[in-house]
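[1] here is my input, please return the structure:
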Amino acid sequence: MKKFLSLVLALVMTMSLVTVSAGAKDFTDNSKINYKEAVDVMSAVKVIDGYAEGDFRPSATLTRGAAAKIICNLILGPTTASALVADAAPYKDVPTNHTFAGYIAYCQKEGIISGYADGTFRPAASLTGYAFMKMLLGALGYDSSIEKYTGANWNVAVIKQAVGIGLDDGNDEFVGSKAVTRQEAALYAFNMLQATMVEYDQQNTIVVGDITINTTSRRKDVSNTTDTDGNIGSRDRKMQFAERYFGDLSEHDGDSDAFERPSTTWKLKSKTIGTYADEADATYTSEVKVGEIYSDLGLSDGISKQDVTLYEDGFKTTYSAGDVVRGSRQKVGGDGALLDVYYDEDADTLTLVQVNTYVGKIAAARKATSTRDAYVTLDVSDSFTGPGGTYDTDDFSKDDIVYYTYSYKTGKKCIESMG
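    Next comes the predicted model:
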């Protein structure tokens with residue numbers, strides 16, 4: 001039993017962050033995807049999708065050819081991109097009938113990619129984080145020669161710009177020299193959607209005798225004064241990538257998920273892709289002192305208990321741990337429970353969201369019918385815990401022991417995650 005409970009504690013962080021997303025594709029290896037929001041959105045707009053077998057393979061290495069396809073899907077859309085052809089071999093190891101020939105030829109023509117000194121492109125080889133970021137910057141309008149993305153120190157210039165505009169957001173362990181995985185590619189492309197596009201003043205070349213003078217070109221943000229401004233990001237009158245190329249995609253801040261965590265909802269036209277919890281300012285998986293939360297948030301002043309809201313399993317409950325002040329020994333949270341803390345600096349308020357992990361036994365497993373998806377019913381009698389209920393899944397059998405989270409917000413018969 002100790003070993004089982006240890007497993008619960010180790011997995012509560014990831015399991016309880018899963019959001020039921022009605023419009024998102026249900027990959028068979030969803031539980032292995034770390035960047036679920038990015039993968040869901042990029043899959044919904046068909047920029048990077050799964051395999052015929054139904055899995056996504058998040059940790060698989062992205063190839064150079066597949067990276068070119070992603071760039072073309074971003075700029076042209078998947079329908080137009082799939083019709084690309086190469087009139088001539090763009091590189092000596094990329095014949096015109098190669099799977100990725102059309103994508104590679106397009107990216108070469110646009111100056112987004114470059115091959116090797118020996119005239120090859122090596123489409124089946126992996127590419128580094130630096131190389132993929134360079135491709136994304138090119139799609140955003142950054143000129144490789146002007147920005148010095150060439151030469152011995154090209155990677156320094158690339159990563160400085162990429163990090164500066166947030167292309168690596170969400171991956172605290174980004175290492176540019178490592179090969180990019182499929183889910184990392186989805187994350188960086190997802191971040192690119194919200195990045196501002198750039199353009200350059202007209203470039204002129206002046207020839208005086210034997211001297212050629214290239215005028216300095218100034219980079220500037222692409223402006224956006226259309227009614228679509230604001231579908232992605234704030235109404236800043238600047239053209240975000242998604243505003244130009246994905247007008248049907250929109251993000252909606254200020255929502256809350258099944259557990260009442262502040263969240264963002266993504267929609268494609270009127271169809272909801274999913275609702276995803278914002279990153280918490282502090283997270284705990286065991287009982288914690290209020291004074292420790294005060295220190296971890298770096299607060300300079302205390303927060304009155306009246307300005308603290310506590311939700312437990314999606315239900316607003318009474319917060320009774322006193323003011324959030326330095327040295328307070330009052331405690332919140334619990335072992336085996338996830339406690340997310342959100343601090344609103346403008347309002348000087350705290351929102352505490354506690355998600356408990358319960359243990360149950362599968363009492364019944366029902367197969368899918370023409371009118372109902374497959375589902376299981378939980379037995380929480382005897383030594384098991386939690387409110388029970390039903391959960392749509394075909395991953396478990398009768399008498400299996402499972403751990404799960406539960407949301408009172410979404411209904412008495414709705415379990416939010418199970419493992």
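
[2] thought residue 147 was touching residue 161?
    Yes: the pair residue 147 and residue 161 passes the contact test of CB atoms under 8 Å, sitting 6.6 Å apart. (C-beta placed from N, C-alpha, C; glycine too.)

[3] so what sits against both of the two?
    Residues within reach of residue 147 and of residue 161 at once, by CB atoms under 8 Å, 6 or more residues apart in numbering, are residue 137.

[4] residue 310 in helix, strand or coil?
    The three-state assignment at residue 310 reads strand, by DSSP: H, G, I helix; E, B strand; the rest coil.

[5] excluding chain neighbours, give the residue nearest to it in space.
    Here the nearest residue to residue 310 in space, its sequence neighbours aside, is residue 319; by CB to CB, 6 or more residues apart in numbering that works out to 4.0 Å.

[6] the one you found is in what secondary structure piece?
    Remark: residue 319 resides in no helix or strand, with elements defined by DSSP states H and E.

[7] what is the neighbour count of it?
    A count of neighbours around residue 319, defined by other CB atoms under 10 Å, yields 17.

[8] quick one: it and residue 155, what's the gap?
    If you measure residue 319 against residue 155 using CB to CB, to the nearest Å, the figure is 49 Å.

[9] and residue 218, how many neighbours?
    The criterion is other CB under 10 Å. On that basis, residue 218 has 11 neighbouring residues.

[10] dump the residue contacts of the closest residue to it other than its chain neighbours.
    In space, residue 218 comes closest to residue 201 once its chain neighbours are excluded; the distance is 4.8 Å by CB to CB, 6+ apart. Residues near residue 201 by CB under 8 Å, 6+ apart: 217-218, 220.

[11] looking at pLDDT only, which of those scores worst?
    Lowest pLDDT among the contacts of residue 201: residue 217, with 76.

[12] do I have it right that that one meets residue 142?
    No: counting by CB under 8 Å, residue 142 is not a contact partner of residue 217; they are 11.8 Å apart.

[13] contact partners for residue 380?
    Residue 380 makes contact with 358, 360-361, 386-388, according to CB under 8 Å, 6+ apart.

[14] which two from the residues you listed end up farthest apart in space?
    Across these, the two members that end up farthest from each other (CB to CB) are 361 and 387, 14.0 Å apart.

[15] looking at residue 217 and residue 142, which has the bigger crowd around it?
    For residue 217 and residue 142, the more surrounded residue by other CB under 10 Å is residue 142, and the numbers stand at 23 against 15.

[16] quick check: pLDDT value at that one.
    94.

[17] check residue 275 too.
    In this prediction, residue 275 carries a pLDDT score of 90.

[18] beta partners for it?
    When bridges are assigned using DSSP bridges, the partners listed for residue 275 are residue 265.

[19] what about it, neighbour count?
    Residue 275, neighbours per other CB under 10 Å, totals 21.

[20] quick one: it and residue 265 touch, right?
    Yes: proximity of residue 275 to residue 265 meets the contact threshold set by CB under 8 Å, at 4.5 Å.

[21] residue ranges with poor pLDDT in the stretch 301-419 of the chain?
    Per-residue confidence of the stretch 301-419 of the chain (counting by pLDDT under 70) places the weak regions at 382-384, 411-419.

[22] quick one: the helices in it?
    All residues of the stretch 301-419 of the chain lie outside helices when identified by DSSP state H, counting those that start in this stretch.

[23] could you pull out the strands for it?
    For the stretch 301-419 of the chain, the strands identified by DSSP state E, counting those that start in this stretch occupy 308-312, 315-317, 331-332, 337-344, 349-356, 358-366, 375-379, 389-392, 401-406, 415-418, in order along the chain.

[24] what's the pLDDT at residue 153?
    At residue 153, the pLDDT value in this model is 89.

[25] distance of it from residue 130?
    Noted for residue 153: a distance of 11 Å to residue 130, by CB to CB.

[26] quick one: which of these two has more around it?
    Each of residue 153 and residue 130 had its neighbours counted (other CB under 10 Å), and the higher figure belongs to residue 130 (20 against 10).

[27] what's the following helix or strand after the host helix or strand of that one?
    Assigned by DSSP H and E, residue 130 falls within helix 129-140. Toward the C-terminal end, the helix or strand that comes next after helix 129-140 (DSSP H and E) is helix 154-164.

[28] quick one on the thing from earlier: closest to residue 180 out of the strands of the stretch 301-419 of the chain?
    Among the strands of the stretch 301-419 of the chain, strand 415-418 comes nearest to residue 180, with 28.1 Å by CB to CB.
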